[in-house]
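In: how does the following fold in three dimensions:
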Amino acid sequence: MEKLEAKDQERRESELAELHSLEQKFLSAQQWKTDYRAYGKWEHYLSCDGSPDPAVLQEINTFMSLWRDDQNEDVQLVMEKGEQVLNLIEKLQLLLLDTPPSEITEKETVQYQESILELQNLLHQKYNGATEHLLKTANMYEDSETGNMQAVIKDKNVTFCIWANLKKKVRLKNHVFCDAQHGFDLPKSLAMSSVAVRILHTHYDHVSPLWLQCQSVPRLEVLDSKELTQHSKDNIEEPEEEEKKAGEEPSMPTEEEMCSDGRKTAVSFKENSNSIADINETEEEIEKKSEILDLPSQVQHPLTQEGMDEKEEAITDENIVDLQQFVPVGGVYHIDALQLPPQVKQIKDWSMVEVLDVGLQAYPYPPEEAEDATHPPIQITLRLSDNVMYFEDPVIARWDPAGQQWRTDGISNITYERQAKSITFEMRAFYTIALLQDAHLNMPYQAWELRPTGMDEALLIVTTVFATIQIQIKGNQCMLSSVVVEEKDVLSYVTGKWLSPVDLRAVLKKAGVNIFPGAYSHKYVSVNKKAPLAEVRAYQQMALVASAFAFAWSKWNLEAGQEQVVFKESGATAGVAKPCILQRQTRWKILVLIQYLVSEHLKADSVKDWSLYMFNGQKAQKLKITETSEAFSEELEEDSEFHSTLYHMLKDFASKEAIDKVETANFLFIDVVYQLLLATRVLTYS
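Out: Reported below is the predicted structural model:
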């Protein structure tokens, strides 16, 4: 062992230099994306199609000002314009999510966030104007059987369900919108009033805090190979000393901006230790940052935040929804009681209507003058979207404008029909409603596998308790090829489309299939904690060789102890493993050893021959044990040696064809593999 260690030290510098040469592909990918963003701006400028560049403040302000002054409130025109607004919001969110910190200033970040909030507010104002316009002409939508107005108007982004009580008959106090299958049952007092009911279903969420909508994915971090030469224990302080230093460091203040409707949102989305400029930071410095910086979740890199639990304030009110654990899925339902505006009257050839300056007015229920009295609840039935997966009964919450939070009180008698995909409940008043799902239902993963399927092509399979997700990777894009739930393919409307990793992540999360841990996910999923740089290095080196080698989870994950994790294959040659949860959660102070199955894989078929490797970010070794061994052991495979990198460890046993594929792999393919590994964090959340 001493001879092997000495031999490893002798060639360490040359191996790191060779690895550093391969890592230049990450820099090439980053430069390509920078050029691509610049080219996109130039293409937009040349197109002259009249659409604004949302990143240019003058253009977006002019766009909003012109639409604000436009008095045309036809609902169809508003919905068409709304789609353009949603596209602008999506572009701004992508800028916040996908632009490296070195390319975006704090001023620009604040500007983009303010533009997002203003666009969201303007869009909802226009929806209210369109609703008022519809209610003024309620008799045009009069139902022949009941005499009341009922209308359903929808597109892919929004559904208007509007009912107006024109006849004021008690027997007509309930209604079901046939085209949307939403319905309500009103108290008797409302059935006798000049009231309208609107169920406005936006298939997106513009209500929750902005940080929830713009949670950034981990960005590319290229490590300086020289850092690998320093052993981890040289960077470690005693816990008492570190905690003392942490106590002496000032916390970084969170900047907040108040938007026009009173919502507060964090305005800093930059992540620490994520830019190319930070490659010379030592692991000690990054570890200290994760301990002392009091940053909001969207700021912190997921791999450097897991030491912050002690500084977080727990939610004491059990009715407040913890948005780090639960996320709205399926959009938002704005359920409102509205005062009927004056109706249009036909006098000969003239249509006349009284114009009020107050605009759309809410109908107070329960009445303000009798708040202490008991009033019957409103019963609501909602038909859930077919484009969303609810793996468990959803949590119903109402938006509290005063506290700027989702709450579960005020809602009772909930009945969820899984087969019919509908949910019925009662409310004490009219609320904005969301259906929430545990963000970590699919974690920890039961198994995962990454295998090449062709030149610059690969397949990532993640198996969870509820679903099996297959993602194809090709060049600079990825595609959701299938989501299988209970042996049935689901979400066919999003499969088969080539997307960027950021877009794929957004699509899956919107559909309720979340396999992307957040900055605080370690609080809700029992995982093996690992030093951030060890995990990042593993993902980088796996991506570098992914064109010729397959990686997978191993059953030894439970046996390896707190500092080690092993992974098993999830392909056709092995049965599906049972979920593994490690309960011990101690503070890590050393680099954690990562072990996984790896196989040279040059053909697009199932992997049959696997080997176990152990890698801690600085040293790689091949293990003697196999998946069928009786006990775990760190004993080296016979005739094998230590290496400073995973690449050189695999090189000892690889064919020339495999190494050639690694060296000629396209940098964009490598970058996409790395982004997906970093976003799913399969080495920790399995």
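
In: end to end, how far does stretch 630-640 reach?
Out: 21 Å (C-alpha to C-alpha, to the nearest Å).

In: how far off centre is it?
Out: Centroid separation for stretch 630-640 versus its chain: 39 Å, with C-alpha atoms, centre = their mean, to the nearest Å.

In: likewise for stretch 3-21?
Out: Counting by C-alpha atoms, centre = their mean, stretch 3-21 comes out at 39 Å from the chain centroid.

In: same check, this time on stretch 339-350
Out: That offset, for stretch 339-350, works out to 48 Å (C-alpha atoms, centre = their mean).

In: before we move on, what about stretch 146-159?
Out: 31 Å.

In: list the buried residues of that stretch.
Out: 146, 148-153, 157-159 (16 or more other C-beta atoms under 10 Å). Bear in mind the C-beta positions are built from the backbone N, C-alpha and C, glycine included.

In: and if you look at stretch 58-69?
Out: For stretch 58-69, by 16+ other C-beta under 10 Å, it's 60, 63-64, 67.

In: same thing with stretch 75-85?
Out: In stretch 75-85, counting by 16+ other C-beta under 10 Å, buried: 75, 78-79, 81-82, 85.

In: could you say which helix or strand holds P364?
Out: Per DSSP states H and E, P364 falls between elements, in no helix or strand.

In: and the nearest residue to it once chain neighbours are set aside, backbone torsions?
Out: Of all residues beyond its chain neighbours, the one nearest P364 is A337 (7.9 Å), with distances taken as C-beta to C-beta, 6 or more residues apart in numbering. Per-residue torsions, A337: phi -100, psi 130 (degrees, to the nearest 10).

In: the helices in the stretch 551-686 of the chain, which residues?
Out: 646-651, 656-664, 667-680 (DSSP state H, counting those that start in this stretch).

In: helices or strands next to the last one in the packing?
Out: Counting by 3 or more C-beta pairs under 8 Å, 6 or more residues apart in numbering; DSSP states H and E, the packing neighbours recorded for helix 667-680 are helix 2-47, strand 447-454, strand 457-463, strand 468-474, strand 477-485, helix 501-510, helix 532-545.

In: K136: which of those is closest?
Out: Nearest of those to K136, taken as C-beta to C-beta: helix 501-510 at 34.5 Å.

In: other SSEs contacting the closest one?
Out: helix 75-98, strand 477-485, helix 667-680.

In: who does the second one pair up with?
Out: Within its sheet, strand 477-485 is paired with strand 468-474 (antiparallel), strand 488-490 (antiparallel), strand 498-499 (antiparallel), according to DSSP bridges.

In: name the residues of the second one that come out as buried.
Out: Counting neighbours by 16+ other C-beta under 10 Å, one finds that the buried residues in strand 488-490 are V490.

In: hmm, back to that, in helices, which of the buried residues of stretch 58-69 appear?
Out: Under the assignment DSSP state H, the buried residues of stretch 58-69 contribute 60, 63-64, 67 to helices.

In: from these, pick the one nearest M542.
Out: Among those, and counting by C-beta to C-beta, the member closest to M542 is I60, at 40.5 Å.

In: distance of that closest one relative to E486?
Out: Counting by C-beta to C-beta, to the nearest Å, the gap from I60 to E486 is 45 Å.

In: coming back round to it: most packed of the helices and strands packed on helix 501-510?
Out: For the helices and strands packed on helix 501-510, the largest average neighbour count (mean count of other C-beta atoms under 10 Å) is found in helix 667-680, namely a mean of 24.

In: find the nearest non-adjacent residue to L356, please.
Out: P341 (6.5 Å).

In: per-residue pLDDT, the one you found?
Out: Note on P341: pLDDT of 83.

In: quick one: it and V355 touch, right?
Out: No. With contact defined as C-beta atoms under 8 Å, P341 does not reach V355; the gap is 9.1 Å.

In: more neighbours, these two?
Out: Using other C-beta atoms under 10 Å, the more surrounded residue of P341 and V355 is P341, with 25 against 8.

In: check contacts around L384.
Out: 330, 390, 394, 421-423, 435 (C-beta atoms under 8 Å, 6 or more residues apart in numbering).

In: can you list which of the residues you listed are found in strands?
Out: Assigned to strands by DSSP state E, the following of the contacts of L384 qualify: 330, 422-423, 435.

In: got the domain ranges for the chain?
Out: Domain ranges of the chain: 1-13+441-577+607-680, 50-140, 141-210+319-368+375-438, per the TED database.

In: now the terminal residues of the last one, how far apart.
Out: So that's domain 141-210+319-368+375-438. 40 Å.

In: with the second one instead?
Out: This stretch, domain 50-140, spans 35 Å end to end (C-alpha to C-alpha).

In: hang on, the earlier thing: lowest mean pLDDT across the domains of the chain, which one is that?
Out: Looking across the domains of the chain, the weakest by mean pLDDT turns out to be domain 1-13+441-577+607-680, at a mean of 82.

In: ok now that one, how far from the chain's centre?
Out: Using C-alpha atoms, centre = their mean, the offset of domain 1-13+441-577+607-680 from its chain centre is 20 Å.

In: so how far is Y431 from F177?
Out: For F177 relative to Y431 (C-beta to C-beta), the value is 18 Å.

In: skipping adjacent residues, who's closest to F425 in space?
Out: I414 (4.5 Å).

In: and that neighbour, how far from A434?
Out: With C-beta to C-beta as the criterion, I414 and A434 are 14 Å apart.

In: list the residues that contact both of the two?
Out: The contact lists of I414 and A434 share I396, where a contact means C-beta under 8 Å, 6+ apart.

In: these two: which is more packed in?
Out: A434 (24 against 14).

In: what is the more buried one paired to in the beta sheet?
Out: Where A434 sits in a bridge, its partners, by DSSP bridges, are V332, A397.

In: hmm, it is touching I335, no?
Out: No. A434 lies out of contact with I335 (C-beta under 8 Å); the separation is 11.0 Å.

In: counting neighbours, what do you get for L122?
Out: The burial count for L122: 19, using other C-beta under 10 Å.

In: let me know the secondary structure of it.
Out: The three-state label given to L122 by DSSP: H, G, I helix; E, B strand; the rest coil is helix.

In: now the one 5 residues further on
Out: Following three-state DSSP, the label given to Y127 is helix.

In: quick one: contacts for it?
Out: 78, 82, 158, 160, 200.

In: redo that, cut-off 7 Å
Out: 78, 200 (C-beta atoms under 7 Å, 6 or more residues apart in numbering).

In: likewise for N128?
Out: L360.

In: quick one: it and D349, what's the gap?
Out: Taking C-beta to C-beta, one finds N128 at 31 Å from D349.

In: next: K81.
Out: To D349, K81 is 31 Å away according to C-beta to C-beta.

In: what bridges to W406?
Out: Residues in beta-bridge contact with W406 (DSSP bridges): W399.

In: helix/strand/coil for the residue nearest to F425?
Out: Classification of I414 by three-state DSSP places it in strand.

In: S422 is in contact with that one, correct?
Out: No. When contacts are counted by C-beta atoms under 7 Å, I414 is not listed as touching S422 (11.5 Å).

In: any chance of TSV for the helices and strands packed on helix 667-680, columns distance to Q324?
Out: Compiled in TSV, the helices and strands packed on helix 667-680 are given as follows (distance: least, C-beta to C-beta, whole Å):
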stretch	distance to Q324
helix 2-47	29
strand 447-454	24
strand 457-463	22
strand 468-474	23
strand 477-485	25
helix 501-510	14
helix 532-545	19
